[in-house]
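> The following comprises the amino acid sequence and a computationally predicted model.
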Amino acid sequence: MSDGALWLIGAGNMGGAMLRGWIGSPGWRRPITVIDPFVKSVPLGVTLLREVPASDVQPDILVLAVKPQQLGDVRAVFGAKTGSPRLLLSILAGVETQTLGEAFGARHTVRAMPNLPVSIGEGVTALYSSGADASVRNDAAQLVKPLGLVEWIEDEALFDAVTALSGCGPGFLFRFIEAMAEAGAALGLPADQALRLATATVKGSGLLAAQSAESPAVLADRVASPGGSTREGLNVLDRDEALKTLMRATLAASAQRNAELAAIARKN
């Protein structure tokens, strides 16, 4: 993969997380220019611009990390330029590759959905492209590999589901940690100690699940002795599939919103 220039349009929550992941990865050499009118600062060695240069200069890789409703403004600036980026990587929720290809005319377009833990190299990035060859797919995968797990999605229709699961998932897990901590505090633990215990428990359990050849269901049963305290708690979560029903509704709501954003992007 070349070391050509990368322009990151938007360095908010997710764009900023990707930026920190890239700069913090060993051996990163590709020059990065952040274009964002609002971000206060960027890491040492990164160039910060407040607007897209008006000249015909183009980056090797253009990463779009703005809000979907801002797509029209960015498209207008690049539409006035001659030429196009070699690779367009977009993390805009709900904006499909056809819309992106028509808007920017990049030689290759890849849609991506990272999640917040990419900032520490422990994230998930799902990728999709309708026409990229093996070389381009390798370039895109290598670009996000320093950020964590990389998964290719073969059907763009599934991207709303991927976004709901892994893209939005950290938010749901943070709520779960908060709920566990508050439940621990309700049993009498100091609030700060309950939060430390809940956070460390989720961290360790996640690492164990990632490293184990056994399914999460088997691991849960290994913790739960028949008639024991864990089993009593699991009985509450499992009753009428309460937890599974809640998660299905949660992901469905997020996926539906992704579909609505796609419809808005097509109109704009």
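Arrived safely, thanks for sending.
> only C-alpha atoms for contact and neighbour calcs from this point on.
Will do.
> what about Phe159, neighbour count?
The number of residues packed near Phe159 is 25, by other C-alpha atoms under 10 Å.
> Now it: closest residue in space that isn't a chain neighbour?
Sequence neighbours aside, Ile153 is the residue nearest to Phe159 in space, at 7.3 Å (criterion: C-alpha to C-alpha, 6 or more residues apart in numbering).
> Any idea how many residues pack against the one you found?
Count around Ile153 with other C-alpha under 10 Å applied: 16.
> pretty sure it contacts Ala126?
Yes - between Ile153 and Ala126 there is a contact under C-alpha atoms under 8 Å: 6.6 Å.
> Would you mind measuring from the residue of the chain positioned farthest from its centre to Thr33?
The C-alpha centroid of the chain is most remote from Gly227, which lies 40.0 Å away (C-alpha atoms, centre = their mean). With distances taken as C-alpha to C-alpha, to the nearest Å, Gly227 is found 59 Å from Thr33.
> ok, now Ser90?
Distance of Ser90 to Thr33, computed by C-alpha to C-alpha: 16 Å.
> average pLDDT across stretch 209-226?
Stretch 209-226 shows a mean pLDDT of 95.
> quick one on the thing from earlier: enumerate every residue touching the residue nearest to Phe159.
Applying C-alpha atoms under 8 Å, 6 or more residues apart in numbering, we find Ile153 in contact with 126-128, 159.
> need the helices for this structure, in chain order.
13-24, 71-79, 97-104, 134-144, 159-162, 169-186, 191-211, 216-223, 229-238, 242-267 (DSSP state H).
> what does the first one contact?
Translated: helix 13-24. With contact meaning C-alpha under 8 Å, 6+ apart, helix 13-24 is reached by 8-11, 28, 43, 65-66, 114-121, 146-147.
> I figured Ser55 hits Lys81, correct?
Yes - in this structure Ser55 lies within contact range of Lys81 using C-alpha under 8 Å: 7.0 Å.
> more crowded one of these two?
Lys81 (15 against 10).
> Not counting its neighbours along the chain, what's nearest the more buried one?
Asp56 (4.9 Å).
> and the one you found, how many neighbours?
So Asp56, with other C-alpha under 10 Å, has 11 neighbours.
> How about Gly72?
Gly72: 12 neighbours (other C-alpha under 10 Å).
> quick one, what contacts Ala140?
Contacts of Ala140 by C-alpha under 8 Å, 6+ apart are 89, 110.
> what's the pLDDT at it?
For Ala140, the model assigns a pLDDT of 93.
> Then the one 4 residues further on?
As summarised for this prediction, Val144 has a pLDDT of 94.
> May I ask you to confirm that it is in contact with Val150?
Yes - under the criterion of C-alpha under 8 Å, Val144 makes contact with Val150 at 7.1 Å.
> Thanks a lot, catch you later.
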